[in-house]
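Colleague: Kindly return the folded structure for what I paste below:
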Amino acid sequence: EQLGYIASHAGDKIIIVDASLLDTLLPALPLMPELAALVIAGDPTDAQLAEVSRLVPNVSAYELLVNSQPTTFAWPVLDEHSAAAMCYTSGTTGDPKGVVYSHRSVYLHALAVCTANVAGISSRDRVLPIVPMFHVNAWGIPYASLMAGATLILPGPP
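Modeller: Below is the predicted model of the structure:
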């Protein structure tokens, strides 16, 4: 129920989901009337694909979609105060609440995380964030790691 609320409240039109999370997402799809497309990373089962195709008008495989795109990209000029990311609470005190992070705030936070009195991340480090990206953008650790040139290690399912 909360997944459906969040996607609708955020105005999501496209969702990218790992196949391992499809069973969690499937019950929420009918609660997302604005959803125009679903992109699946990994290998969904035939049953999952059949159910998703029944509920979402456009279903794509992530690798096929990425491989069909041009190899160059014309980067747009963005206002530093425009939205870069959005995270939601779990809704333990009512409906989930969202917060939007600007490009500027993500950049400045990553700079701060790299300083010696915070995490001191440098190009000599290997970083494995334990906090997930949906929780306060993993405290900015992934952005700071990339900014500093550290090796970023992202775990997957066992």
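
Colleague: For residue 101, which non-adjacent residue is closest in space?
Modeller: Spatial nearest neighbour of residue 101, chain neighbours left out: residue 85 (4.6 Å); criterion: CB to CB, 6 or more residues apart in numbering. The C-beta positions use only the backbone N, C-alpha and C, and glycine is treated the same way.

Colleague: show me the contacts for that neighbour.
Modeller: 100, 101, 106, 137 (CB atoms under 8 Å, 6 or more residues apart in numbering).

Colleague: and the second one, that one's in a strand?
Modeller: Yes. When classified by DSSP: H, G, I helix; E, B strand; the rest coil, residue 101 is found to be part of a strand.

Colleague: Tell me the spacing between residue 16 and residue 116.
Modeller: According to CB to CB, to the nearest Å, residue 16 and residue 116 sit 36 Å apart.

Colleague: whoops, residue 20 was the one
Modeller: Applying CB to CB, the value for residue 20 to residue 116 is 38 Å.

Colleague: so where do the helices sit in this structure?
Modeller: For the chain, the helices defined by DSSP state H cover 2-10, 22-25, 46-55, 62-67, 103-113, 141-148.

Colleague: and those helices, which is most packed in?
Modeller: helix 141-148 (a mean of 21; mean count of other CB atoms under 10 Å).

Colleague: Report the angle between that one and helix 103-113.
Modeller: Helix 141-148 and helix 103-113 are oriented at 80 degrees to each other (axes from the mean of the first three to the mean of the last three CA atoms, to 10 degrees).

Colleague: Show me what helix 141-148 is packed against.
Modeller: When contacts are defined as 3 or more CB pairs under 8 Å, 6 or more residues apart in numbering; DSSP states H and E, helix 141-148 sits against helix 103-113, strand 126-127, strand 151-152.

Colleague: and it, how far from the chain's centre?
Modeller: Remark: helix 141-148 is offset 16 Å from the chain centroid, using CA atoms, centre = their mean, to the nearest Å.
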